[in-house]
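Novice: Just a sequence and a predicted model for now, questions to come.
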Amino acid sequence: MARNLPAAIGAGVVLAALFIVATMWRPVAVVALVTIVLAIAGFEYFGKVTEKGYRPAVAPGLAACVAAPLVAYWVGDGGLPLVIAFAFIAGAIGFIGAPGVESGPLPNMAVTTMGVVWIGLLGSYAALMVRWSNTLGDHIGTDTLFVVVLGVVANDIGALLVGSSFGKSPLRRWISPGKTVEGLIGGTLLTLLVLFIVGLTGRSDTWSTGHLLLLGVLIAVFAPLGDLTESMFKRNLDVKDFGALVSGHGGVLDRFDAFLFVLPVTYYVTLVIEPWT
């Protein structure tokens with residue numbers, strides 16, 4: 001099924017409005033939105049792998065996807081290993097209680113842990129960024145996440161527009177023939193342009209133009225990698241989308257895959273360059 005552009009645009013506008021309202025209200029509202037997104041993404045992931053014959057430890061996996069951003073926000077990154085460890089232990093206990101090895105403890109624990117790390121852990125870096133608004137300054141966390149979202153959305157739009165119009169050279173044909181070198185270039189250029197305009201107009205209280213361009217380069221590299229990774233998993237499972245939130249649009253995980261690679265990279269690079277200083 002082809003991507004339903006009106007549905008994609010409509011869903012994007014709704015999500016953008018919710019995100020903007022949350023950032024204008026208070027950091028905890030942004031964390032709540034992030035948690036809801038990760039919970040739905042986790043539900044989609046565990047539902048789809050179950051549909052394809054795996055038997056993951058769904059309850060510990062989903063609990064970890066929900067707990068990770070909450071722990072990240074209130075405790076910090078030091079609490080995240082505990083979330084992963086407890087999810088792993090809970091899943092292992094469940095398989096120990098199974099009647100036999102036919103339950104497939106090794107592959108199913110691997111599938112469970114992948115969901116926890118891919119969605120729960122990587123997604124929780126959004127909450128770690130928002131936490132900066134409480135520890136470093138009123139707007140630093142929400143401002144940083146806002147420019148990340150702006151950059152990733154610009155990357156997706158640029159890749160879609162240029163790739164659909166001029167794309168001829170697939171990045172990895174076996175993963176997704178529709179993702180092209182031309183689309184990658186288009187996404188990169190629009191990302192840099194949008195973040196340059198943000199810096200030029202002084203729309204960010206935290207990020208200078210130079211730092212925004214550096215962020216743009218990071219997004220241009222890691223957003224497509226996140227997108228390709230999800231497409232690779234879908235190809236392996238032989239599915240079109242992980243969810244069906246909107247017909248022809250896919251689910252939450254399909255729309256937020258690029259963020260899962262961008263968020264942790266941005267978090268640690270930001271700690272190094274400290275754009276607020």
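Specialist: Okay, I see it. Residues are numbered from 1 along each chain as shown.
Novice: Helix, strand, or coil at the nearest residue to residue 170 once chain neighbours are set aside?
Specialist: Of all residues not flanking residue 170 in the chain, residue 177 sits nearest, at 5.0 Å (Cβ to Cβ, 6 or more residues apart in numbering). For the C-beta atoms, the positions are set from N, CA and C on the backbone; glycine is no exception. Three-state call for residue 177 (DSSP: H, G, I helix; E, B strand; the rest coil): coil.
Novice: Can you give me the separation between residue 177 and residue 157?
Specialist: 20 Å (Cβ to Cβ, to the nearest Å).
Novice: So for the two, which residue has more residues nearby?
Specialist: residue 157 (17 against 11; other Cβ atoms under 10 Å).
Novice: My read is that that one contacts residue 190, right?
Specialist: Yes - in terms of Cβ atoms under 8 Å, residue 157 counts as a neighbour of residue 190; the distance is 6.3 Å.
Novice: by contact count, what packs against the top helix by length along the chain?
Specialist: Longest helix in the chain, counting residues (DSSP state H): helix 209-237. If you count contacts as 3 or more Cβ pairs under 8 Å, 6 or more residues apart in numbering; DSSP states H and E, helix 209-237 packs onto helix 140-166, helix 181-200, helix 252-273.
Novice: I'd like to know how many residues surround the residue nearest to residue 79 when sequence neighbours are not counted.
Specialist: Nearest residue to residue 79, sequence neighbours excluded (Cβ to Cβ, 6+ apart): residue 71, at 4.1 Å. Neighbour count of residue 71, defined by other Cβ under 10 Å: 21.
Novice: ditto for residue 167
Specialist: Based on other Cβ under 10 Å, the number of other residues close to residue 167 is 21.
Novice: where does it land on pLDDT?
Specialist: Per-residue pLDDT puts residue 167 at 81.
Novice: same check, this time on residue 87
Specialist: At residue 87, pLDDT is 97.
Novice: and if you look at the one 10 residues further on?
Specialist: What the model reports for residue 97 is a pLDDT of 92.
Novice: now residue 249
Specialist: pLDDT, read off for residue 249, is 59.
Novice: ok, now which ones touch residue 143?
Specialist: 204, 205, 206, 207 (Cβ atoms under 8 Å, 6 or more residues apart in numbering).
Novice: closest to residue 126 among those?
Specialist: Taking Cβ to Cβ as the measure, residue 126 lies nearest residue 206 of those, at 15.6 Å.
Novice: Could you verify my assumption that residue 180 touches residue 171?
Specialist: Yes - contact criterion Cβ under 8 Å: residue 180 and residue 171 qualify, at 6.4 Å.
Novice: least trustworthy helix or strand in this protein by mean pLDDT?
Specialist: helix 5-25 (a mean of 68; mean pLDDT, DSSP states H and E).
Novice: Kind regards, and thank you for your time.
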